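1. Fold the following for me, if possible:
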Amino acid sequence: MQLLREAHKSSFRLTFPRLRGWAGSANRVWTCLHLETFPGDDYEDLDELESASSPVFARLVLQQLLQLLHNAFQSDMAAMENGRKMGQEILKLLQQAEDLDEPLEEPAPLKVSRTSRRKTRHRDDFTDTSSRGGNPRLCCNFILAMGREYVPTIIGRGGANTKSIHEETGCKVRVRGRGSGHLEQQSNEEAPTNLMLAVTAEPGNKEGFIQAVAKSLLLLWNVDERYQQDCRRCGVRPSSPSFYISVENEDVKMELAEVFGKEFTTLIAPGSLATRSCRTKV
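-> Residues are numbered from 1 along each chain as shown. Here you go, the predicted structure:
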């Protein structure tokens, strides 16, 4: 009973070994049964506890051991159930992965005719929409009937002629179409149109656009004089007219008519309008 007296004064600690794991693990842990102030709550004093003799102590210890074993068993059973559920989920995921690995039927290739591709490229290359918004670009095309041999003369050495107009007005000035040597961005080919000198500008650059059209007219007239001289020297009848103007947008056409006159002859033929071989496509 001396052991019980010491337990009443402080606490009683009983240790016993317990195997952990269901796979025969060799790891052993020491589980502690800690009885705080040995259960004297059921007894009025220590003498009454002593009279209960050792069977009471043994029964209490056994109850605590059984409770601990039951809790451990329940915990292990819950772990096994969770593992079983996880295994089922993994099997489902593997089955879904096998289903996804099955080959899918490839859709039939879309057949596009060569003509439709050419038309699509033409629309993409000559779109009239501003790159900065939905407003149409300002555009004026000079159709060149003098032939591709005069494209280098129009552009100038190293592109000096068209570059100077661009730098002074902020407008794009390019020779495009069949025989120009200019490859369109979308098709990487020459545009399937007549040879032309195209002047384009953003909607907000109307003043620069008017200046670019005027400078392009003067440039083409200078080239036309050389073209006429070459035809006379070779005894060849020149094309008449050697170039003409094409404006698709009606609003742009009206604005150019207000500046240059309805027939666009003010700057085309300064001093001798009747002899110049240039007309407008209205």
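
2. tell me the domain ranges of this protein?
-> Following automatic domain parsing, the chain resolves into domains at 2-87, 128-281.

3. tell me, which of those domains is the model least confident about?
-> When the domains of the chain are ranked by mean pLDDT, domain 2-87 comes last with a mean of 52.

4. quick one, helices of the stretch 101-250 of the chain?
-> Assigned by DSSP state H, counting those that start in this stretch, the helices in the stretch 101-250 of the chain fall at 114-125, 151-155, 160-169, 206-234, 250-260.

5. who wins for proximity to Glu184 among those?
-> helix 114-125 (4.0 Å; CB to CB). Where C-beta positions appear, they are placed from N, C-alpha and C, glycine not excepted.

6. Give me the pLDDT for Ala1.
-> Not quite, residue 1 is Met, not Ala. The predicted local confidence for Met1 is 44.

7. got the residue ranges for the strands in the stretch 51-200 of the chain?
-> Assigned by DSSP state E, counting those that start in this stretch, the strands in the stretch 51-200 of the chain fall at 138-144, 172-176, 196-201.

8. Which strands or helices does the longest one pack on?
-> So that's strand 138-144. strand 196-201, helix 206-234, strand 243-246, helix 250-260 (3 or more CB pairs under 8 Å, 6 or more residues apart in numbering; DSSP states H and E).

9. Same check on the last one?
-> Using 3+ CB pairs under 8 Å, 6+ apart as the contact criterion, the neighbours of strand 196-201 among helices and strands are strand 138-144, strand 172-176, helix 206-234.

10. can you put the helices and strands packed on strand 138-144 in a markdown table and add distance to Gly159?
-> Conversion of the helices and strands packed on strand 138-144 to a markdown table gives the following (distance: least, CB to CB, whole Å):
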| stretch | distance to Gly159 |
| --- | --- |
| strand 196-201 | 13 |
| helix 206-234 | 13 |
| strand 243-246 | 19 |
| helix 250-260 | 25 |
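
11. Any idea which of the ones you listed gets closest to Asn188?
-> Across the helices and strands packed on strand 138-144, closest to Asn188 is strand 196-201 (CB to CB), at 18.0 Å.

12. Direction included, what does the closest one pair up with?
-> Counting by DSSP bridges, the strands paired with strand 196-201 are strand 138-144 (antiparallel), strand 172-176 (antiparallel).
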